[in-house]
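Trainee: compute the structure for the input listed below.
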Amino acid sequence: MSVLPLGTDLEYGAQVHASGAGRAIRRELGIAQSDFVIFTGGKLTPFKRTETLIEAVNALDRADVHLLVAGAAGPASQSILWQQSIGMGLPVIVGDRSEFMVPSDASYLNRNGNLIVLDHEEETAPQIERLLRDLIDDREALAKMAEGASRTADEMLDWNKLIEETLRHNRGTGKQ
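Mentor: Now for the predicted structure:
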């Protein structure tokens, strides 16, 4: 038995990246290309605790750091946003809590040092603030995480490879 992760359309992601959509959004929002952008989204429920991220970003007190939040109300769970972000070559910081307060282990997505899972025993907002400060100040570490995200996406999240894996498993069991 093997677990296939939620995947991402790497071809579409490459098209979006090549189109300059990110640069256009930055221009539209007045965010300089050199500024640091943090994005969160998905289902915005009380259990996701988005206010903790807002608190951490506010504590940074930096004009060159921006937080974008997008989403809709609904039950929280492991988010496809993680895979989509990794597919776009972005480093990811995730919490380890779900709406049932059980660990939501995302470590399987950290194949190449591209993901940081928050320590549930440490106070969340200060932990996020520290991690963000480290990544903002160490762009080399950020770039290594981004490179790791691209490699992880290619190795395990490419929809085309996941389809092939599914078909291989089906052929192996005699199913068509």
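Trainee: show me where the protein dips below the pLDDT cut-off.
Mentor: In the predicted model of the chain, residues 1, 73-74, 76-79, 96-104, 173-176 satisfy pLDDT under 70.
Trainee: swap the cut-off to 90 and go again
Mentor: 1-10, 13, 40-52, 69-85, 88, 94-109, 117-124, 156-176 (pLDDT under 90).
Trainee: quick one, helices of it?
Mentor: Secondary structure of the chain (DSSP state H): helices located at 10-19, 21-29, 50-60, 80-87, 124-137, 139-152, 159-172.
Trainee: which one of these is the most hemmed in?
Mentor: Compared across these, helix 80-87 shows the largest average neighbour count, a mean of 22 (mean count of other Cβ atoms under 10 Å). Yep, even glycine has a C-beta here, placed from its N, CA and C like the rest.
Trainee: give me the angle between that one and helix 10-19.
Mentor: Relative orientation of helix 80-87 versus helix 10-19 (axes from the mean of the first three to the mean of the last three Cα atoms, to 10 degrees): 70 degrees.
Trainee: next, the angle from helix 80-87 to helix 139-152.
Mentor: Using the same axes, to 10 degrees: helix 80-87 against helix 139-152 is 100 degrees.
Trainee: next one: helix 80-87 to chain centre, how far?
Mentor: Relative to its parent chain, helix 80-87 has a centroid offset of 5 Å by Cα atoms, centre = their mean, to the nearest Å.
Trainee: now for that helix, which elements pack on it?
Mentor: In this structure, helix 80-87 makes packing contacts with helix 10-19, strand 36-43, strand 92-94, helix 139-152, judged by 3 or more Cβ pairs under 8 Å, 6 or more residues apart in numbering; DSSP states H and E.
Trainee: any chance of TSV for these, columns distance to residue 58?
Mentor: Listed next are the helices and strands packed on helix 80-87 as TSV, based on distance: least, Cβ to Cβ, whole Å:
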stretch	distance to residue 58
helix 10-19	29
strand 36-43	12
strand 92-94	16
helix 139-152	21
